[in-house]
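*Asks:* next one to model:
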Amino acid sequence: MAKEVYIKTYQKAKSYASRLSFDGVNDYISIAHNAKFNLTATSTIEMWVYISSYTNLHMLATKTTGSGATNNTFEFRIANTTGQLQYIGYDTAIRNITSGSFVVPLNEYTHVSAVHDSGTVTLYINGINVGSGALGTTTTNTDNVLLGIRGDLATFWFQGIMQEVRFWSTARSQLEISNNMFNTIPVTTAGLVAYYKLNEGTGTTATDSASTPINGTLTNFGGSFWTAVSTSPVFDTNYKGFSTDYAFNSISSNLNSGYGALDFTLPRKFDVLASSDPQDLTNYQLDVIAYDNEQPLGTTLFSGEVISSTRSLSGDGESVSYTAISPLERIEKIDLEDLDSVVSYSAVEIADIFKDIILKCNAKAKQEILKYSSTSLATTGITLTTTFKNAFVGDALKSVFQATPSNFVWYVDTDRTVYLKAILTTATHYFYNTKDVASIVRETDKSKIVNVLKLWDGEASPTVLQKYVNNTSIETYGYRAEAKQDGRYTTTAGALNYGTKFITDSKNPNDQFTITLIDSAGGGYDIDSVKVGDTFKLLNFGTETNIPDLLVVTSKTDYLDYCTITASDRNEYVSRELYNIKKDQFQVNNTDHPATAYAVNNV
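*Replies:* Numbers count the residues shown, from 1 in each chain. Purely as a prediction, here's the structure:
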């Protein structure tokens, strides 16, 4: 089949037209006992909540007769005064697992979950692990499941908003929780015991959307307990349609970042759009998808959010032009804040820091901006101690990446997945001269060589004031020094790792190739399968050309029937090219940012 490229437009819409408010006085939901709620050993309870104070001991979901009861199957709650998330159960004694210093924030939607698995309960706030503790197999009972009150029906009422309550008979992983908390889920999902969206908008029935439903009853609710939704953390995807009559130039992506913005134009009347076109720009998303023989189900070349439109009329010519941005640009404007302005990591594996930053990003944005899979973030073998002060998500990811081994790269792919991986030592692709390669240009540049680095932590009484030197490079290319100030490095050991990496990355000239590849539709290569960070070999070139045995793709620009890639020798890239890309990235500096939180003013 000939290659076809479409722009698919869709809109993220609020899942709810209404929400349920608990008054904190006597409102609760009662769900009749059923054996499937005896979640004694392996289970997950999750929901979205919105609270405005810690005055009440907010009961979320309980199956117990009361405090200290020996038949306490589960008691999931938010503590009064402290705001801790807590999970209580009885095995041979009452066990209370808490989130410690982590609290459920006030005046914002927060996702909370508790996972009971193999004798351990783990608590999550916005998908982030905030605490765990031992709990064996809990006792069973015939009590009703209650939302918003404990079994004694006397005190401790939940006050606030509750949505998307899900009970599972399986221990959901952190990845399953974080990847699904912003979306409604199929009712046939394995392990789903009960599913209360709490979006009915009328009446006193809490509908169970699971495949074998057990509805709940709203008790004591009075007045306007169903209210209209102005904001919602949970979205549905409404597809608008496909556009084939677009015009755009190219789509570019870069290693150690991702793909950028997309500008495209539709030949539309100045004031008339098709139903499939972006209209008011509210939560409009789009994907650029290519279909051909190698990708009959399609491969996504771009995925982003429409942020602007320009309608033009000139004589008989009318059009509407759009700009869409990628997640990479979104994260440059999302601040990395936890409970205050400072986010710290102490001897944490870099891949785990990446995961935590991604989860904090989504929690701050109240939607999935980035994601990771079970295999997308490779273990680096390096633990990092660092502190961010009023930093942004994009800056934090770039900063942490600078401490990875020289052979590691990162990027955001078109499906929002973040990759952190080592460059392969074998070829991912093989490109043949004349068949796949239309042109090749080679450039060698030694202007950015650095073989002496003077590193300072920025403090008046510095702990780090080190110089790193490569004498072989000095003898070969001359003395080329650079000074850097970087407050992330507070120990000489951490600075040594960075200094060594920096000099290794920058001691030799840069040897770069620019290659134009023909698409398979024109008899060449499946260019849609080529990603930044991939390795390749060039074949059918004479030995006199002295082409490196293995190259790595550092950037890629896609056109409809060909692509242009830049590449470097794999070994030289590992020891040199990273510096070119990283050197202009933001340095988190202790002297640049205050250690106190900014005062928040709602305007």
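*Asks:* by contact count, what packs against the strand or helix carrying Leu420?
*Replies:* Assigned by DSSP states H and E, Leu420 falls within strand 418-422. Secondary structure elements in contact with strand 418-422, counted by 3 or more CB pairs under 8 Å, 6 or more residues apart in numbering; DSSP states H and E, are helix 350-365, strand 408-412. (Glycine included, C-beta is placed from N, CA and C.)
*Asks:* all the helices of this protein, residue numbers only.
*Replies:* Assigned by DSSP state H, the helices in the chain fall at 174-180, 327-330, 350-365, 393-401, 471-477, 492-506, 570-572, 578-582.
*Asks:* got the angle between the third one and strand 418-422?
*Replies:* Between the axes of helix 350-365 and strand 418-422, defined by axes from the mean of the first three to the mean of the last three CA atoms, to 10 degrees, the angle is 170 degrees.
*Asks:* mind checking how far helix 350-365 is from the chain centre?
*Replies:* 6 Å (CA atoms, centre = their mean, to the nearest Å).
*Asks:* find the centremost residue of this structure, please.
*Replies:* When the chain is reduced to its mean C-alpha position, the nearest residue by CA atoms, centre = their mean turns out to be Leu370, at 2.5 Å.
*Asks:* and that residue, what pLDDT?
*Replies:* Listed pLDDT for Leu370 reads 93.
*Asks:* where does it fall, phi/psi-wise?
*Replies:* With angles defined as degrees, to the nearest 10, Leu370 shows backbone torsions of phi -130, psi 160.
*Asks:* surely it touches Lys364?
*Replies:* No: with contact defined as CB atoms under 8 Å, Leu370 does not reach Lys364; the gap is 11.3 Å.
*Asks:* rewinding a little: make CSV out of the helices of the chain and add distance to Gly381.
*Replies:* Below are the helices of the chain laid out as CSV (distance: least, CB to CB, whole Å):
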stretch, distance to Gly381
helix 174-180, 21
helix 327-330, 26
helix 350-365, 9
helix 393-401, 14
helix 471-477, 26
helix 492-506, 11
helix 570-572, 20
helix 578-582, 17
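*Asks:* could you dump the ones you listed into a markdown table with distance to Pro186, mean pLDDT and mean neighbour count added?
*Replies:* Output for those, formatted as a markdown table (distance: least, CB to CB, whole Å; pLDDT from 0 to 100; neighbours: other CB atoms under 10 Å):
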| stretch | distance to Pro186 | mean pLDDT | mean neighbour count |
| --- | --- | --- | --- |
| helix 174-180 | 10 | 93 | 18 |
| helix 327-330 | 25 | 90 | 22 |
| helix 350-365 | 21 | 93 | 22 |
| helix 393-401 | 30 | 91 | 23 |
| helix 471-477 | 58 | 92 | 13 |
| helix 492-506 | 45 | 80 | 19 |
| helix 570-572 | 43 | 68 | 19 |
| helix 578-582 | 41 | 42 | 20 |
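*Asks:* now for this structure, the helix or strand with the poorest mean pLDDT.
*Replies:* Of all helical and strand segments in the chain, the minimum by mean pLDDT, DSSP states H and E falls on helix 578-582, at a mean of 42.
*Asks:* what's the spacing between Ala261 and Gly381?
*Replies:* From Ala261 across to Gly381, the span is 35 Å (CB to CB, to the nearest Å).
*Asks:* likewise Pro186?
*Replies:* Pro186 is 38 Å from Gly381, where distance means CB to CB.
*Asks:* got the contact list for the closest residue to Val193 other than its chain neighbours?
*Replies:* When the adjacent residues along the chain are set aside, Val193 lies closest to Phe167, with 4.3 Å between them (CB to CB, 6 or more residues apart in numbering). Residues in contact with Phe167, defined by CB atoms under 8 Å, 6 or more residues apart in numbering, are Phe37, Leu39, Ser43, Thr44, Ile45, Ala61, Val145, Leu192, Val193, Ala194, Tyr195.
*Asks:* for Phe167, give me the pLDDT.
*Replies:* You'll see Phe167 listed with a pLDDT of 97.
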